[in-house]
Structure formats: structure tokens, C-alpha cells
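Undergrad: Fold the following, please.
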Amino acid sequence: MSEMSYLEKLLDGVEVEWLPLGEITKYEQPTKYLVKAKDYHDTYTIPVLTAGKTFILGYTNETHGIYQASKAPVIIFDDFTTANKWVDFDFKAKSSAMKMVTSCDDNKTLLKYVYYWLNTLPSEFAEGDHKRQWISNYSQKKIPIPCPDNPEKSL
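TA: Predicted coordinates for the structure are as follows:
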């Protein structure tokens, strides 16, 4: 008799639907949210973000083109390194290599669940590999949606 996998034990017989990430999320290029200034100051209030290790590069005083993540949280995803961050505060973006990922329908799939799942995946970043990852790779990955008829239970 084979042992149950960790996932099988965790789900304990709950219905699971496996869907490609690109079917339950959508992405936006950060073009209209890119910071124009090159000088950042701690006295300014709007954070300038990158999806990489640094995350907050500094603060700007720009008032146009601010992503309102305080109203609609987002996952910022570095299209080259696959690093990602959960953001629930307003910000400007630094790099066009970042994807801003949201749920297609929060009534079906909670974005915070997607964020936690993304961070369970092993890194596929290869040193020197400079290809975009979201469309060709990550949007095709199948994510388990436990209790597909009740997204509150999924998280």
C-alpha cells in the first residue's frame, strides 16, 4: 500500500480542480505606472517598487500613474527572475520587465491563494537566461483549486 502524498493528506478528499494559471489570472504591463524620476527621497510618500530582492527602491513625489493596490492588491512578478511580491499599498513601478498579476474573478479564485501557491514553486531561474517567463512558462502552470465552488475555503 502506497503512502499518501502530503497534498493528498492536506486535501483529505476535498474536490480539486487543476487550472492553468493564465485562465484564472490576468496580467498588466506596468507601462502607465512607471516612475519618471531618477532621484528618490525618503521624505517622499509614494514607494517605487521592483519585484526583485530590493522590493522598495525608494520613494517618489510623482502624483500621476500611481497603481492603487490599496484598493485592488496585486502580485508583482519579475518576468526574468520569476521573483514575486504581494502588494496591497499604492506604488509606482521601476521596470517594464514586471508583470502586475490580478485574479480574473475573486469570487472564484482568491489572488492571495495564487500568491502563496506561486511561492511554493521551485525557482526555474537559470543564470544568464534572459527570457520572459510569464507568458511562455508560468501562465501554463496548473494550479490546484481546492473547493472550486467556495474560494473562501481555498485559502
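Undergrad: switch to C-alpha atoms for all contacts and neighbour counts from now on
TA: Noted.
Undergrad: Run through the strands of the protein in chain order.
TA: 16-20, 25-28, 46-49, 56-60, 74-78, 84-87, 92-93, 98-103, 142-146 (DSSP state E).
Undergrad: Parallel or antiparallel, which strands does the longest one pair with?
TA: Paired strands of strand 98-103, with direction, are strand 25-28 (antiparallel), strand 74-78 (antiparallel) (DSSP bridges).
Undergrad: winner for burial among those?
TA: Using mean count of other Cα atoms under 10 Å, the stretch among these with the largest mean neighbour count is strand 74-78, at a mean of 24.
Undergrad: ok, and what's touching that one?
TA: Outside strand 74-78, the residues that touch it by Cα atoms under 8 Å, 6 or more residues apart in numbering are 50-52, 83-88, 97-102, 111, 115.
Undergrad: What are the boundaries of the helices in the protein?
TA: Counting by DSSP state H, the segments of the chain that form helices are 6-11, 21-24, 111-118, 151-154.
Undergrad: For Ser70, which of those helices is the nearest?
TA: Nearest of the helices of the chain to Ser70, taken as Cα to Cα: helix 111-118 at 14.0 Å.
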